[in-house]
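Engineer: Model the structure of this input:
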Amino acid sequence: MKISIKSTLKWWHSLEHGTCIHKVFASNAAGISHMKLHHPVMVKEVLDSLYLANGGVMLDMTFGAGGHSKEILQRFETCKLVALDRDPHANDLAKDLADKYRGRVLPLLGRFSDLDALLKENGIRAINGALIDCGCSSMQMDSPSRGFGLATDGPLDMRMDGTRCSRTITAADIVNHSSCQDLSVIFEKYGEEKHARKIARTITHYRRTCGPILTTKQLADVIETSFDKRSKRTDACGRRTHSATKCFMALRIFVNDELNELYQGFKTIEKYMTTGGRIVTITFHSLEDRIVKDLLFHNSSTTIQSETHKKWIALKKKVIIPQFEEINANARSRSAKLRAATRI
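Structural biologist: Next up is the predicted model:
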């Protein structure tokens, strides 16, 4: 099987021309432990950025384990919550929350690109608030069977949708069947990896000499051999990071078509959001944040600027980042950026 990334990389050009190419990928993944659930990031800042009048409809685009949703339901006691997630396990948790908050929670299973149809099917004509917490949740990252993380060994999967979709592609498919050039482009464009070519050559050489790469630890070890043992990578907080971190992120984004999905989600929110309604976004890397800024605040020269002209106004001029105490308690929050805007 030969995997080409040409069609997927059209998202770069599609954003420049104001269109979006939707590509469907699937996921098989089960077995997430209830013991390790998502720690919601910047809860206070999210709540302070939202405003929901009596009976307002709030859309949580990335329900996950429901950390933000629970806080929203408690803060805004009369609001109704639409809980969207593409992960079947997260959807089960949303159903549990719906049982607790009778008549206030509507669980929806699907991707951002499915949202328009799902809202129509359920008679939702308008929303008054929306939250997008980008990336994968801690419960996905901490489950070895999902193949997202570096901390534990597991199958090289990285799909968010579970077995509900018939069309499937895994990170292992990409790693083992893509050309050296394609791997290099994926790592560079989606992971912003400076050593993309070198890593791609290492992977393809390993495939030829040792066979397929099938587990997360195996891939991490192969990537690590691309670097000098004395070299150390650190994050923005000065903490040491694994040399494979950016490549894992790139594969996850590619497998789940996350950037196109983010674009589609924004366009649907824009369609349903009432005047005065607020959107809150939390991003964790520059590619997500760039799309958010383009769509909300038109900081680029692309035609996204003209498409969204004067549709949103920022609540605050500067991006909001986690407090030091939160970063200390939850290291995964360290790269989070919160932006909020009002529909006008």
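Engineer: show me where the stretch 101-250 of the chain has strands.
Structural biologist: Per DSSP state E, counting those that start in this stretch, the stretch 101-250 of the chain carries strands over the ranges 105-109, 127-133, 233-234, 240-241.
Engineer: Quick check: what element follows the helix or strand hosting residue 327 along the chain?
Structural biologist: Under the criterion of DSSP states H and E, residue 327 resides in helix 324-329. The element immediately downstream of helix 324-329 (helix or strand, assigned by DSSP H and E) is strand 337-343.
Engineer: in its sheet, what does the lengthiest strand in the chain sit against?
Structural biologist: What stands out as the longest strand in the chain, according to DSSP state E, is strand 273-283. Note on strand 273-283: by DSSP bridges, its sheet partners are strand 127-133 (parallel), strand 337-343 (antiparallel).
Engineer: Need the contact partners of the last one.
Structural biologist: Think strand 337-343. For strand 337-343, the external contacting residues (CB atoms under 8 Å, 6 or more residues apart in numbering) are 42, 45-46, 49, 270, 273-284, 289, 292-293, 296-297, 311-316, 319-321. All C-beta spots, glycine's among them, are computed from the backbone N, C-alpha and C.
Engineer: Roughly how far does the residue nearest in space to the middle of the chain sit from residue 50?
Structural biologist: Residue closest to the average C-alpha location in the chain (CA atoms, centre = their mean): residue 135, at 2.5 Å. Distance of residue 135 to residue 50, given as CB to CB, to the nearest Å: 20 Å.
Engineer: same question, residue 279
Structural biologist: Residue 279 sits 9 Å away from residue 50, taking CB to CB as the criterion.
Engineer: For those two, indicate the residue with more neighbours.
Structural biologist: Counted by other CB atoms under 10 Å, residue 279 and residue 50 do not tie: residue 279 has more neighbours, with 27 against 23.
Engineer: Run a quick neighbour tally on the residue nearest to that one when sequence neighbours are not counted.
Structural biologist: By the measure of CB to CB, 6 or more residues apart in numbering, the closest residue to residue 279 outside its immediate chain neighbours is residue 130, 4.7 Å from it. Residue 130 has 26 neighbours, counted by other CB under 10 Å.
Engineer: close enough to count as contact, residue 130 and residue 269?
Structural biologist: Yes - between residue 130 and residue 269 there is a contact under CB atoms under 8 Å: 4.8 Å.
Engineer: joint contacts of the two?
Structural biologist: Common neighbours of residue 130 and residue 269, using CB under 8 Å, 6+ apart, are 59, 61, 279.
Engineer: Let me know the closest of the residues you listed to residue 254.
Structural biologist: Lowest distance from residue 254 to the shared contacts of residue 130 and residue 269 (CB to CB) belongs to residue 61, with 20.3 Å.
Engineer: my guess is the closest one meets residue 127, correct?
Structural biologist: No - judged on CB under 8 Å, residue 61 makes no contact with residue 127 at a distance of 10.3 Å.
Engineer: How about residue 78: what's its closest non-neighbour residue?
Structural biologist: Closest residue to residue 78 apart from its sequence neighbours, by CB to CB, 6+ apart: residue 54 at 4.7 Å.
Engineer: pretty sure the one you found is in a strand, no?
Structural biologist: No - secondary structure of residue 54 (DSSP: H, G, I helix; E, B strand; the rest coil): coil, not part of a strand.
Engineer: Can you get me a residue count around it?
Structural biologist: Neighbourhood size, residue 54 [other CB under 10 Å]: 8.
Engineer: How about residue 342?
Structural biologist: 16.
Engineer: Likewise for residue 43?
Structural biologist: Around residue 43 there are 16 residues (other CB under 10 Å).
Engineer: how about it, what does it touch?
Structural biologist: Residue 43 sits next to 67-68, 71 when contact means CB under 8 Å, 6+ apart.
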